Structures are given as structure tokens and as C-alpha cells.
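>>> got a sequence here, can you model it:
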Amino acid sequence: MTVLDAYCNIGGTGMGFWLAGFDVVGVDILDQPRYPFPFLRGDAVETIAAHGQRFDLISAGPPCQFDCTLTVGTNQARRDRYADLLEPTREALEFTGRPYVIEQPPGRASRRMRIDLTLCGEMFGLRVLRHRNFEAGGGLRLDRPSHVPHRGRVAGYRHGRHYDGHYFQVYGNGGGKGTVPEWQQAMGIHWTDVRREIAEAIPPAYTELIGRQAAAQIGVMDEAVAS
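Numbering: from 1, shown residues only. A predicted model of the protein is given here:
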């Protein structure tokens with residue numbers, strides 16, 4: 001089975017699908033020299049529309065700057081710098097006719113999605129929360145695991161005081177957010193030691209779960225189409 005990992009970044013998403021048994025090809029508009037699988041540099045929406053039908057599954061996590069909290073209200077001018085990629089990405093995915101999944105963080109973008117699944121690091125025993133929402137399409141169905149209660153604080157500084165905690169904040173550089181090895185362990189990402197790359201990824205455990213569900217359905221869907 002094959003998956004197109006669109007907006008692949010460093011490959012947290014792709015690694016999860018690989019662990020679930022997929023051959024992975026990534027596409028991103030920027031070079032990703034530490035991406036661990038075959039890589040295409042190019043526009044994700046154009047690549048999905050032109051080549052997505054060749055893959056058994058397509059995964060897409062469009063950049064969320066257009067809808068993030070840093071571009072709300074008085075920061076509208078900052079928002080205007082970014083393209084709204086969610087709708088064009090969905091249109092390209094639907095055009096292929098292939099099973100797909102869209103990933104977004106909580107926020108305004110997720111309010112424009114059908115949220116079929118929400119995942120959190122605690123569900124996988126990871127020391128990071130990193131909630132992410134997923135919309136499935138093209139006949140793919142995702143089962144919802146139970147959202148496990150969180151265990152205590154996130155480590156870091158609050159109002160000048162440092163707190164120990166079970167979880168790490170995997171973003172930024174200050175605030176006692178943890179070392180690079182701690183981030184790597186918390187996220188399950190070990191093929192890069194660049195903070196920015198780790199911070200922009202999702203834990204591979206998320207898409208390994210999705211990939212195993214997808215793998216169980218894809219053969220059945222293809223047989224149905226063939227008959």
C-alpha cells in the first residue's frame with residue numbers, strides 16, 4: 001500500500017504510516033533534507049490533483065497560519081499574508097476519488113472541518129499533549145479511541161516560577177520547555193535534532209493508528225469498486 005504525505009515537513013505523519021505498513025512519498029514546497037522517505041518538492045495541492053489517484057491513501061496537513069490565533073482580530077494584516085489552504089486541499093483530495101485524511105490543530109481551521117477523530121499524546125503514553133483533529137474522506141472511516149484524562153502539569157515556567165510536570169511543551173526555545181532529547185522522546189521523533197522541525201511535527205503514533213485502520217479498509221474498498 002502507498003500513501004502520499006502532503007505538506008510532509010520533517011515526516012512525523014509519514015513515519016506513522018510507514019510503521020503501519022505503507023510505502024510513503026512526501027511532498028512539500030520547501031526542501032526537507034531530513035525527511036526519511038522518497039520526497040518530491042512541489043506544491044501540495046497541485047501534486048494531489050495531478051498524482052493523488054495513484055496512491056492508496058492521501059494524508060494532508062495544510063499549514064494553519066491562516067486560521068491560527070496569531071492572525072485573529074487586530075492581527076488581521078498578518079493573516080492576509082497566508083493563503084487559506086484547507087478548502088483547496090479538500091477539493092483536490094475529493095477530485096482524486098481516493099481515501100484521504102486531513103489533519104489540523106484545534107482552532108478556527110478545525111471549525112471548518114468535520115472532526116471524525118481527535119488524538120492526544122496521552123492516548124499513546126507520550127509525554128506531550130499535542131491535540132490534533134482529523135477529517136476522513138473518500139470512504140475512509142475512523143474509529144474514535146477514548147480520550148484519556150491528562151496527568152498533571154506541563155513542565156515549564158509560569159509567571160516566573162518553574163513547575164515540574166509530566167508533559168513537555170514542544171514549541172519555542174525558552175520557558176524551561178525541555179531539552180532536544182526530551183522533545184524527541186516525548187514526540188517519538190528521533191531522526192532530527194532540530195527544534196523547529198520537531199515542534200512543527202505530529203507524533204508518528206497518531207498516523208500509525210490511522211494507518212492501521214485505513215489498511216484494514218482499503219482492500220475492501222478496492223474490491224467493492226472492482227466488482
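
>>> list the buried residues in the longest helix seen in the chain.
Ordering each helix of the chain by length in residues (DSSP state H) puts helix 204-226 first. Residues of helix 204-226 classed as buried by neighbour count (16 or more other Cβ atoms under 10 Å): 204-211, 213-215, 217-218, 221. Any C-beta I mention is one placed from the backbone N, CA and C, and that applies to glycine too.

>>> now do that helix: which elements does it pack against?
Applying 3 or more Cβ pairs under 8 Å, 6 or more residues apart in numbering; DSSP states H and E, we find helix 204-226 packed against helix 12-19, strand 57-60, strand 100-104, strand 117-119.

>>> next SSE downstream of the shortest one?
Just to be clear, that refers to strand 117-119. strand 132-137 (DSSP states H and E).

>>> show me what that following strand is in contact with.
Contacts with strand 132-137, where a contact means Cβ atoms under 8 Å, 6 or more residues apart in numbering, come from 90, 93-94, 99-106, 110, 113-119, 142, 202, 206, 210.

>>> starting at the chain centroid, how far to it?
Relative to its chain's centre, strand 132-137 lies at 9 Å (Cα atoms, centre = their mean, to the nearest Å).

>>> relative to helix 12-19, how tilted is the longest helix of the chain?
60 degrees (axes from the mean of the first three to the mean of the last three Cα atoms, to 10 degrees).

>>> run the angle between helix 204-226 and strand 100-104 for me.
Going by the same axes, to 10 degrees, helix 204-226 makes 150 degrees with strand 100-104.

>>> using CSV, write down the CA coordinates of helix 204-226.
Taking C-alpha atoms only, helix 204-226 is exported to CSV below (Å, rounded to 0.1, in the frame of the first residue of the first chain):
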residue,chain,number,x,y,z
PRO,A,204,4.1,9.3,14.4
ALA,A,205,1.9,7.3,16.8
TYR,A,206,-1.1,9.3,15.6
THR,A,207,-0.9,8.3,12.0
GLU,A,208,0.3,4.7,12.8
LEU,A,209,-3.1,4.3,14.5
ILE,A,210,-4.9,5.9,11.5
GLY,A,211,-2.8,3.9,9.0
ARG,A,212,-3.7,0.6,10.6
GLN,A,213,-7.4,1.4,10.4
ALA,A,214,-7.0,2.5,6.8
ALA,A,215,-5.1,-0.6,5.8
ALA,A,216,-7.9,-2.8,7.1
GLN,A,217,-10.4,-0.9,4.9
ILE,A,218,-8.6,-0.1,1.6
GLY,A,219,-8.5,-3.6,0.2
VAL,A,220,-12.3,-4.0,0.9
MET,A,221,-13.0,-0.6,-0.8
ASP,A,222,-10.9,-1.6,-3.9
GLU,A,223,-12.7,-4.9,-4.2
ALA,A,224,-16.1,-3.1,-4.0
VAL,A,225,-15.1,-0.8,-6.8
ALA,A,226,-13.7,-3.6,-9.0
